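Q: Kindly return the folded structure for what I paste below:
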Amino acid sequence: MTPKERVRAVYKGETPDQVPLILDLSHWYKKNYNEPFDLSGIQKVNYDLVDLHKKLGAVSYIEMGRFFDLYPDNPELEFKSWTKNGVFHTRIVTPAGTLEEERVFETSSYSYNIKKHLLNGVEDFPVVEYLMDHLKCRANWDYYRDWTEALGDLAYIYVNLPYSGSGYLISRNLGVEKTVFAALDYPEEFKCLIDSVNTCNLRILDTIIDGPFDTLIISDNYDSNIQPEKFFNLYVREYYMEVAERLHKKGKYLAIHVDGESRGVLKWLAECGVDCADAVTPAPMFALTPAEMREQAGPELILSGGIPASEIGFSGSDQAFIDSVKRWLETKHTSSRLLMAAGDQIPTDAPWERIAMLPELIDKYGKY
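A: Numbers count the residues shown, from 1 in each chain. Below is the predicted model:
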């Protein structure tokens, strides 16, 4: 089987010849190749990044830019982003008010820390709601096909839908503390904004749903320590179910980027009809072992991840890394709904030699 055939088999509920290897090497690549990092997004195929995936025989699935553009339908609305002197700005100007975010580049982590959140509190919610009510979507599938052609048998490219309403606030634009207080102190206003964002996203989904992709991902960075079951049931469950249902009617799949504590949330995702929990990280970084993850997820939810950053990074050891990969691959005996994967969990200090061990370890321990 080819690498992308293995991934497709897992999504179809079939057993491939071995556990597929899928990676996102974009962050590691930018740091180690001194590639300028602009949060405005990738605008063209990066052939050096393609070559890294070809060296490993690893499927590339995310971080290739956005395959659609968002634009306002009202001349009174301004929505733009730019980078100047290492500061990434986002500005929204509407008749309801003006908001601006600032993120500052940090060379040591090769990332942009949030200096100023876009939102300060519920008083800013009407600006976001106005924006969401007036955004239109235009797909760019030529760009998707460019990446597909460049990657060949290593292309199983997810299309990224923007943050859900809760992810929009808690993961990016308001922050954890203020989001929690807003949900408790202003439940009606909070729910109104959540619904506004999600409704906009569903319009985007309707525009792109017939595109050439198989899997759509929502990168909410879910963490059940911060967003417990009550929060999930109030603000997330119905939306994920709706997105999953619309995709399934078209023969497509839904992945949710967890990248936080997955205890509890794996069961909730499975109940919503989500097909894949992406970026799930086992102990020692989070609470669950790979076997416990599978137990909570049930046999049908695809588990995509398994690589703790603490093990693959410079501070880890080769043996600890090998042991963690073996524990992950061992769960294939319980369910073949499994991907050996790393989204943005590969730290920039990870030795290339350790990353390059992954295909060898799968060849040794990951065959069915």
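Q: can you give me how far stretch 286-300 is from the chain middle?
A: 19 Å (CA atoms, centre = their mean, to the nearest Å).
Q: So what touches that stretch?
A: Outside stretch 286-300, the residues that touch it by CB atoms under 8 Å, 6 or more residues apart in numbering are 13, 260-264, 266-267, 269-270, 277, 280, 282-283, 303, 306, 327-328, 330-331, 334-335, 337. No exception for glycine: its C-beta is placed from N, CA and C like everyone else's.
Q: gap between the two ends of it?
A: Using CA to CA, to the nearest Å, the end-to-end distance of stretch 286-300 comes out at 22 Å.
Q: Provide the partner residues of the residue lying closest to R103 once chain neighbours are set aside in its beta bridges.
A: For R103, ignoring the flanking residues on the chain, the nearest one in space by CB to CB, 6 or more residues apart in numbering is Y112 at 3.8 Å. Here Y112 sits in beta bridges with F105, going by DSSP bridges.
Q: shouldn't Y112 be in contact with F88?
A: Yes - the pair Y112 / F88 is scored as a contact, 5.3 Å apart, by CB atoms under 8 Å.
Q: Which residues are in contact with each of those two?
A: Counting by CB under 8 Å, 6+ apart, the common neighbours of Y112 and F88 are L39, R103, V104, F105.
Q: If any of these are buried, put those into a ChimeraX selection.
A: Selection command for ChimeraX covering only the buried members of the shared contacts of Y112 and F88, criterion 16 or more other CB atoms under 10 Å:
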select :103,105
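Q: farthest-separated two in the shared contacts of Y112 and F88?
A: Greatest spacing in the shared contacts of Y112 and F88, by CB to CB: L39 and V104 (11.0 Å).
Q: which residues in the stretch 101-250 of the chain form strands?
A: For the stretch 101-250 of the chain, the strands defined by DSSP state E, counting those that start in this stretch cover 111-116, 135-139, 159-161, 215-218.
Q: buried ones in the longest one?
A: Neighbour-count burial for strand 111-116, with 16+ other CB under 10 Å as criterion, is recorded at S111, Y112.
Q: could we number from 457 for the rest of this?
A: Sure, I'll start counting at 457 from here, so that last one is strand 567-572.
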